[in-house]
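K.L.:
Mind looking at a prediction? Sequence and model below.
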Amino acid sequence: MRADREMERTPFSNMTIDNEDVYKKAGWGRSQYAVVFVCSLLFMGVGIGIGYAVGRNNSNSNIPQAGDTAQETATKPPRSPHPIDTILSSINKDNIKQNLWKYTSRPRMSGTPGGYELVQILQEAWRSSGIDEVRVTPYDVLMSYPNRTNPNRVQLLTSSGQLIFQSALFEPALDSLSNNSEIIPPFNAYAAAGISEGDLVYVNYGRIEDFLYLTQNMSIDLKGKTLIARYGKIFRGDKVKNAQRFNASGIIMYTDPSDFNRGNSTYPDSWWMPPSGLQRGTVGGDGDPLTPLYPATDYAYRVKESDVSGIKIPAQPISYGDAQHFLSEMGGEEAPLEWRGALPITYRIGPGFRNSSLKMRLEVNNFEEKRTVENVIGYIKGKTEPDRYILLGNHHDAWVFGAIDPLSGTAVLTELIRVFGEMLKSGTRPDRTIVFCAWGAEEHGLIGSTEWVEEYMKVLYERAVAYLNVDYAVDYNYVLFAGTSPLLQDSLYQATKQVPNPDTSSSDKTLYDAWKTRDNSNDLEPSVYYSLGSGSDMATFYQRAGVPSIDMWFTYDENKWDILSYPVYHSAYETVYLYENFIDPGYSYTATMAKLWGVLAWNIANEKVLKFDVRRYATAINKFIGNLKTEFGAKWTKQNVNIGALESAAQNLTTEAENFHQKVQSLQATSSAANVLQNRMINDKLIQFERAFIDCEGLPGRPMYKHVMFAPSLYDSYSDNSFPGIVDTMNEIENQNATAKWEVLKQQVSIATFIIQSAANTLKEVGL
């Protein structure tokens with residue numbers, strides 16, 4: 001874009017017209033040149049004399065003076081600011097603040113009055129911005145809610161049934177903002193209604209390795225037991241699935257202070273989770289449970305609710321203040337050192353309590369029903385490539401107030417739309433179409449975005465250029481954190497170099513410089529992660545439609561606080577007061593996220609040739625194959641796994657990626673910028689390159705995940721495995737003695753080899 005600005009300053013700097021050639025084309029000879037030359041001198045002399053006389057007899061009133069806007073405009077029209085400069089200068093922190101206060105004024109869970117109200121607020125604000133079109137896309141889906149009149153509870157009882165202690169039915173209000181009658185009771189969405197009364201067993205974080213330690217190393221039979229796990233490390237739904245897999249009758253999850261409270265004070269005096277705080281969240285899968293793999297349209301076939309294969313046991317979150325009452329009474333062996341949290345107790349595994357007359361009872365009264373969830377979608381139509389889309393996404397639903405997650409991102413998105421709308425009114429329109437997305441029911445399981453992608457899958461697969469996700473803008477004002485497809489890594493770096501550092505006291509002038517300084521990486525560039533997982537709305541775009549995606553936010557210094565997330569995550573204490581006092585006072589980082597999001601989108605929407613570097617993908621794949629060889633190579637050799645073919649395909653991809661990159665560089669250096677067809681051909685290959693890693697059959701047992709290189713782990717939906725089909729199968733072989741899976745492993749290696757070679761072929765001139 002900077003080169004284009006230079007062209008605006010000197011529009012004729014590259015013109016090389018030979019004057020003699022022009023004259024010759026008119027049929028002139030040298031004698032005519034002499035006559036013209038003499039006449040020119042004569043008229044020039046007369047003109048100078050007249051000009052001198054006029055100058056002596058007139059005042060200077062008609063001579064343009066410095067600062068005379070009318071005269072300057074008449075002689076040289078002012079140049080419009082570059083769109084990037086407009087974005088950077090137009091983002092208004094006060095507008096973002098006003099948005100956040102409005103959006104967090106009441107709980108905003110999808111399918112509730114507060115959720116529907118926010119959809120209307122967003123729709124009206126976006127339409128008033130002046131963008132081309134705003135739509136609301138509704139889907140009727142199966143939702144899960146707590147029973148307000150009969151809330152879920154965890155009880156400690158005597159053998160005769162006398163109540164000794166009961167978990168809180170609601171989080172107590174700690175300030176005026178958290179005192180709201182619309183706050184929902186604690187629950188885990190899609191946890192089954194029911195009662196669990198088995199002996200209590202502590203399962204650490206509830207990871208597969210924790211379950212294997214209990215069952216194999218300690219020989220504890222978990223059948224019929226009630227489990228208690230601390231939140232963190234993996235997706236909460238996978239903790240419940242693991243409990244169900246080992247035949248437990250129910251599971252309780254709590255936020256241990258070792259992971260969510262490292263301070264001397266708690267909310268409302270700091271950002272740390274108070275003893276009464278707890279984490280709500282879904283334990284279900286992605287999308288509408290009744291219409292798997294297809295959109296929940298009005299004409300869609302829906303499976304019977306009784307046939308949905310989901311969570312079959314009760315699950316419930318509680319606070320660490322309440323959890324202490326149960327954990328402190330537990331019997332059995334002391335937990336291993338790495339299993340111990342920060343409660344002032346002796347952590348024991350169980351089963352049961354030291355006092356054999358005590359028992360526990362978990363009661364869950366959740367209900368499920370069909371409700372309408374709504375997305376808000378805004379459009380700016382591209383002027384030259386309207387059929388190529390850059391999509392910006394955030395979700396608008398929150399478990400309670402959601403000042404961080406997600407409404408800091410929603411407040412930013414609305415302000416960015418206002419800026420883009422003003423640019424549109426002034427005649428500044430992007431080359432490619434920009435789509436703004438506010439998703440509904442993300443917290444219940446990415447439902448709004450999943451149904452929308454499923455509905456428009458065919459179009460997105462052919463036309464989507466990139467999806468840029470901001471689940472929330474800031475959870476602490478320190479450093480940028482980003483996950484990305486390898487293809488978008490350079491686009492992200494470019495944008496951060498154009499955005500000023502929000503810390504004006506720093507010597508680092510750009511966001512890129514500050515990111516590199518605070519990233520604590522020894523690499524030559526800031527570190528990003530390629531494991532996008534399924535923790536937010538980029539999942540379906542990336543895992544199923546093969547759209548290159550980014551997920552980004554500002555976060556805390558992990559070297560200072562080794563915690564699992566921002567402390568008050570999904571609690572009733574995630575208020576605008578918390579945001580303004582402890583997360584981003586002054587909204588500087590929040591506004592910077594708006595600038596970064598806008599600059600990144602504008603760059604991608606207007607680049608003649610996309611800055612997608614396929615070599616980064618080849619480098620990543622070779623690294624991942626090296627890791628596989630290091631970890632599994634000896635075992636694979638014994639089982640005759642064909643890793644040689646996998647390495648050969650990766651080398652072919654490396655060669656083709658380098659050849660393609662050099663060809664693009666050469667064409668850009670020697671070809672006319674007006675060669676639209678050539679640019680389109682290059683860009684189409686770049687866009688479709690990510691799709692080359694999509695396997696239409698999906699992963700073993702998980703057809704909704706189709707990306708062969710990056711997909712959520714079978715045991716943790718929050719994080720990806722590289723080569724997920726291979727890694728998950730090896731996990732089953734090694735940890736579950738599933739020796740029959742060796743044939744599945746060989747098939748997965750073969751599929752990965754085929755996919756990588758196919759990706760290499762897409763970069764060739766013909767490729768067949």
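P.N.:
All right, it came through fine.
K.L.:
And F246, its phi and psi?
P.N.:
Recorded main-chain torsions at F246 are phi -100, psi 20, according to degrees, to the nearest 10.
K.L.:
these two touch, right, it and F211?
P.N.:
Yes - the criterion here is Cβ atoms under 8 Å, and F246 meets it with F211 at 5.4 Å. The way it works is simple: take the backbone N, C-alpha and C, and place the C-beta from them, glycine included.
K.L.:
name the element the residue nearest the centre of the chain belongs to?
P.N.:
With distances taken as Cα atoms, centre = their mean, the residue of the chain nearest its centroid is D551 (2.7 Å). D551 belongs to strand 549-555 when assigned by DSSP states H and E.
K.L.:
Equivalent analysis for T266, please.
P.N.:
T266 belongs to no helix or strand when elements are defined using DSSP H and E.
K.L.:
Next, give phi and psi for the residue nearest to it when sequence neighbours are not counted.
P.N.:
Leaving aside its chain neighbours, T266 sits nearest to P274 (3.9 Å; criterion: Cβ to Cβ, 6 or more residues apart in numbering). For P274, the backbone dihedrals (degrees, to the nearest 10) come out as phi -80, psi 160.
K.L.:
Please enumerate the strands of the stretch 151-300 of the chain.
P.N.:
For the stretch 151-300 of the chain, applying DSSP state E, counting those that start in this stretch gives strands covering 153-158, 163-166, 188-189, 194-196, 200-202, 226-230, 250-254, 281-282.
K.L.:
Put together a markdown table for those, with mean pLDDT on each row.
P.N.:
Written out in a markdown table, the entries for these read as follows (pLDDT from 0 to 100):
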| stretch | mean pLDDT |
| --- | --- |
| strand 153-158 | 98 |
| strand 163-166 | 98 |
| strand 188-189 | 98 |
| strand 194-196 | 98 |
| strand 200-202 | 98 |
| strand 226-230 | 98 |
| strand 250-254 | 98 |
| strand 281-282 | 98 |
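K.L.:
residues in contact with the strand holding D551?
P.N.:
Here strand 549-555 makes contact (Cβ atoms under 8 Å, 6 or more residues apart in numbering) with 409, 466-485, 488, 492, 532, 536, 538, 541-542, 566, 584, 589, 592-593, 596, 600.
K.L.:
gap between that strand and the chain center?
P.N.:
The gap between where strand 549-555 is centred and where its chain is centred comes out at 6 Å by Cα atoms, centre = their mean, to the nearest Å.
K.L.:
what does stretch 392-408 give?
P.N.:
So, by Cα atoms, centre = their mean, the centroid of stretch 392-408 is 13 Å from its chain's centroid.
K.L.:
Stretch 307-315 now?
P.N.:
Here stretch 307-315 shows a centroid-to-chain-centroid distance of 28 Å under the convention Cα atoms, centre = their mean.
K.L.:
wait, what's in contact with R418?
P.N.:
If a contact means Cβ under 8 Å, 6+ apart, then R418 has 95, 125, 129 as its contacts.
K.L.:
Unless I misread the structure, it falls within a helix.
P.N.:
Yes - the assignment for R418 by DSSP: H, G, I helix; E, B strand; the rest coil puts it in a helix.
K.L.:
From D94, how far off is it?
P.N.:
In this structure, R418 and D94 are separated by 12 Å, where distance is defined by Cβ to Cβ, to the nearest Å.
K.L.:
Can you flag which of the contacts of strand 549-555 belong to helices?
P.N.:
For the contacts of strand 549-555, the ones inside helices are 409, 492, 538, 541-542, 589, 592-593, 596, 600, with DSSP state H as the criterion.
K.L.:
got the CA coordinates for stretch 655-673 in PDB?
P.N.:
Once non-C-alpha atoms are left out, stretch 655-673 reads as follows in PDB (Å, rounded to 0.1, in the frame of the first residue of the first chain):
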ATOM      1  CA  THR A 655      10.200 -27.600  -3.700                       C
ATOM      2  CA  GLU A 656       6.900 -26.500  -5.200                       C
ATOM      3  CA  ALA A 657       6.300 -23.800  -2.600                       C
ATOM      4  CA  GLU A 658       9.700 -22.300  -3.300                       C
ATOM      5  CA  ASN A 659       9.200 -22.500  -7.100                       C
ATOM      6  CA  PHE A 660       5.700 -20.900  -6.700                       C
ATOM      7  CA  HIS A 661       7.000 -18.100  -4.500                       C
ATOM      8  CA  GLN A 662       9.900 -17.300  -6.900                       C
ATOM      9  CA  LYS A 663       7.500 -17.200  -9.800                       C
ATOM     10  CA  VAL A 664       5.100 -14.800  -8.100                       C
ATOM     11  CA  GLN A 665       8.000 -12.500  -7.200                       C
ATOM     12  CA  SER A 666       9.200 -12.600 -10.800                       C
ATOM     13  CA  LEU A 667       5.800 -11.900 -12.300                       C
ATOM     14  CA  GLN A 668       5.200  -9.000  -9.900                       C
ATOM     15  CA  ALA A 669       8.600  -7.500 -10.800                       C
ATOM     16  CA  THR A 670       8.200  -7.700 -14.600                       C
ATOM     17  CA  SER A 671       4.500  -7.700 -15.300                       C
ATOM     18  CA  SER A 672       2.100  -4.800 -15.600                       C
ATOM     19  CA  ALA A 673       0.000  -4.100 -12.500                       C
END
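K.L.:
between F246 and F211, which one's more packed in?
P.N.:
Neighbours per residue (other Cβ atoms under 10 Å) separate F246 from F211, with F211 holding more: 24 against 20.
K.L.:
what about the strands in the stretch 651-768 of the chain?
P.N.:
Counting by DSSP E, counting those that start in this stretch, the strands of the stretch 651-768 of the chain are 710-713, 716-722.
K.L.:
ranking those strands by mean pLDDT, which is last?
P.N.:
Ranked by mean pLDDT, the strands of the stretch 651-768 of the chain bottom out at strand 716-722, which scores a mean of 69.
K.L.:
what stretches of the stretch 51-200 of the chain score poorly on pLDDT?
P.N.:
When residues are selected by pLDDT under 70, those of the stretch 51-200 of the chain lie in 51-79.
K.L.:
re the thing from before, quick one: which of the ones in helices among the contacts of strand 549-555 is nearest to P500?
P.N.:
Nearest to P500 among the ones in helices among the contacts of strand 549-555: T592, at 7.7 Å, using Cβ to Cβ.
K.L.:
can you pull the pLDDT of that closest one?
P.N.:
Per the predicted model, pLDDT is 98 at T592.
K.L.:
That one: how many residues sit nearby?
P.N.:
Neighbours of T592 under the rule other Cβ under 10 Å: 28.
K.L.:
Now it: closest residue in space, sequence neighbours ignored.
P.N.:
The spatial neighbour of T592 that comes closest, neighbours along the chain excluded (Cβ to Cβ, 6+ apart), is P502 at 4.2 Å.
K.L.:
Helix, strand, or coil at the one you found?
P.N.:
For P502, the secondary structure call by three-state DSSP comes out as coil.
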